[in-house]
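# Let me see the structure of the following:
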Amino acid sequence: MASVPARSFTDVTVQSERGNPHWTRHPGDGALDAIPGEDGRPIVGTTFRQLADPTRFGQEMLAKYGPVYRTKSFGRRGVTLVGPDANELVLFDRDKLFSNEQGWGPMLNLLFPRGLMLMDHEAHRIDRRALSIAFKPEPMRAYCGQLNEQIAHGVEAWGKEDVTQVRFYDLIKALTLQTAAVSFLGLPLGPEADRLNKAFVDMVQASVAPIRRPLPFTAMGRGVAGRKLMVEYFTQLVRERREQPGQDMFSQFALARREDGSLLPEDVVVDHMIFLMMAAHDTITSSFTTLAWHLAHAPEWQDRLRAEALAVTGGAGRPLAYEDLGKLELCDMAFKEALRIMPPVPAMPRRALRDFTFHGHRIPAGTGVGISPAAVHADPVLWPDPDRFDPLRFTPDKVAARHKYAWVPFGGGAHMCLGLHFAAMQTKVLVAQILSRYRLEATPGYAPLWQAWPIPKPRDGLRLTLRRLA
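As a prediction, this is how the structure comes out:
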């Protein structure tokens, strides 16, 4: 494995202005006194309330203070803007008022540095354009074939008996990591799968750890150790792919060139790939688990999605052709509804690069500014009876009647998720392969608790019953 300088894993200043002199300086907590809100408890502020239940916290603050409110988390005051107009202001960012790097950096710079989500403006545009080659139609067609093969093989092994009790989240997480490895890396994971999976889990959990230093026996310590393993693993792979490229996504990234014709640097390719692998399997695991949970409680919708998939593929267990993806319209609407109910990224942070005004409140440069997809997705004005699973909210006429930024699970503007079409494709293949084999059932009265941050997941792994279909 390639050696990596220790400093890149332990320099905690990368999370703050001290290690990033180009960052816009925070204006000081007193500069936000005029913004309504609260500071919470001494030292911890509102941190733990926000982490415990971001949707409820946001709803309470919105009801109390309105669509612009102040909080204090991780030792510093910041401002949250709520509503589809706030989403549009921040995500579309017409005037380049906000920095992704400086918003996500304090959380992710020790763990997922230089991921596409952490880049700004021209640097982001250049790397996004180089990486986008991996999501062109021909590579996507190849991924679709690989997904069908890997998912069919994986889900067929789930139900050894006619009725099988499973922890659905755990099954999907293992499967999506394997499919991501085949599609993205061009190889199935062997004995290293468990180590890589644990590394991803540790890195993601560390992103919201209250202790921000990688001390032994802390979440951040485990997360940084996971990143070191990932860097060593992917550095070796990028060198192999540049010598002997394949048809996989990693080969596409390894050979990607910037506009001046230069290859992306080795360490940049590694950082992008680590971030993409995390996003490709952790977020889809969360959103598909949400979909499965609601389908288990809505058998009529499960039946409709099963019938649609069988009609399109031509039979149980048959592959879903790339050309037929667009025909799974009900599946598409159900997936969007699952993303509305539980977006995989409940809140999105930025930092203001210049002073700006929103809803009559002046917010100074350097302020941490967040938006809340979870709160907007639960707004009963936009979504009547918001706790009800209703995919028909996403019929074309209803979508056209809503604010464009009322539904933002994939972000928006220049930072719209690069892999959103891959996520939709993988979901449709999962639906076709799973529902044609099994009926998903939940025990009456069963209501799992969900961990909200950093990516939603059921705390008990989601206990479902798989009933094999004849």
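
# quick one: low-confidence ranges for the stretch 1-150 of the chain?
Low-confidence segments of the stretch 1-150 of the chain, defined by pLDDT under 70: 1-9.

# Helices of that one, residue ranges please.
For the stretch 1-150 of the chain, helices defined by DSSP state H, counting those that start in this stretch occupy the ranges 7-10, 47-52, 54-65, 84-87, 100-108, 121-131, 137-156.

# tell me the most buried of those helices?
Of the helices of the stretch 1-150 of the chain, the one with the most neighbours on average (mean count of other Cβ atoms under 10 Å) is helix 100-108, at a mean of 22. Heads up, the C-betas are built off the backbone N, CA and C, glycines and all.

# and the angle for it with helix 121-131?
Counting by axes from the mean of the first three to the mean of the last three Cα atoms, to 10 degrees, helix 100-108 lies at 80 degrees to helix 121-131.

# what sits against the residue lying closest to residue 65 once chain neighbours are set aside?
Spatial nearest neighbour of residue 65, chain neighbours left out: residue 36 (4.1 Å); criterion: Cβ to Cβ, 6 or more residues apart in numbering. Residue 36 makes contacts with 65, 66, 68, 69, 70, as judged by Cβ atoms under 8 Å, 6 or more residues apart in numbering.

# What is the nearest of the residues you listed to residue 106?
residue 70 (17.4 Å; Cβ to Cβ).

# Okay, and the beta partners of that closest one?
Beta bridges link residue 70 to residue 37, residue 79, judged by DSSP bridges.

# again with residue 441
residue 465.

# Contact partners for residue 403?
Residue 403 sits next to 84, 85, 88, 382 when contact means Cβ under 8 Å, 6+ apart.

# got it, and residue 44?
residue 210.

# Next one: residue 184 from residue 246, what distance?
According to Cβ to Cβ, to the nearest Å, residue 184 and residue 246 sit 11 Å apart.

# ok, the two, which is more surrounded?
Set side by side, residue 184 and residue 246 show more neighbours around residue 184, with 24 against 14, by other Cβ atoms under 10 Å.

# Run through the residues that contact the closest residue to the more buried one other than its chain neighbours.
Nearest residue to residue 184, sequence neighbours excluded (Cβ to Cβ, 6+ apart): residue 249, at 4.2 Å. Counting by Cβ under 8 Å, 6+ apart, residue 249 makes contact with 134, 139, 143, 183, 184, 185, 186, 276.

# Neighbours of the closest residue to residue 107 other than its chain neighbours, how many?
Of all residues not flanking residue 107 in the chain, residue 207 sits nearest, at 5.0 Å (Cβ to Cβ, 6+ apart). Residues lying near residue 207 (other Cβ under 10 Å) number 20.

# gap between the one residue sitting closest to the centre of the chain and residue 207?
Nearest to the mean C-alpha position of the chain, counting by Cα atoms, centre = their mean, stands residue 283 at 4.0 Å. For residue 283, the distance to residue 207 (Cβ to Cβ) stands at 13 Å.

# pretty sure the residue nearest to the centre of the chain is touching residue 422, no?
No: taking Cβ atoms under 8 Å as the definition, residue 283 is not a contact partner of residue 422, at 10.9 Å.

# And the helices in the stretch 151-300 of the chain, which stretches?
Here the stretch 151-300 of the chain has its helices, by DSSP H, counting those that start in this stretch, at 168-180, 193-206, 219-243, 249-254, 266-278, 284-297, 299-313.

# Pull the residues that contact stretch 283-302.
168-169, 172-173, 176, 305, 330, 334-335, 337-339, 341-342, 344-345, 389, 391, 409, 423, 426-427, 430-431, 434-435, 439-442, 448, 455-458, 462, 464.
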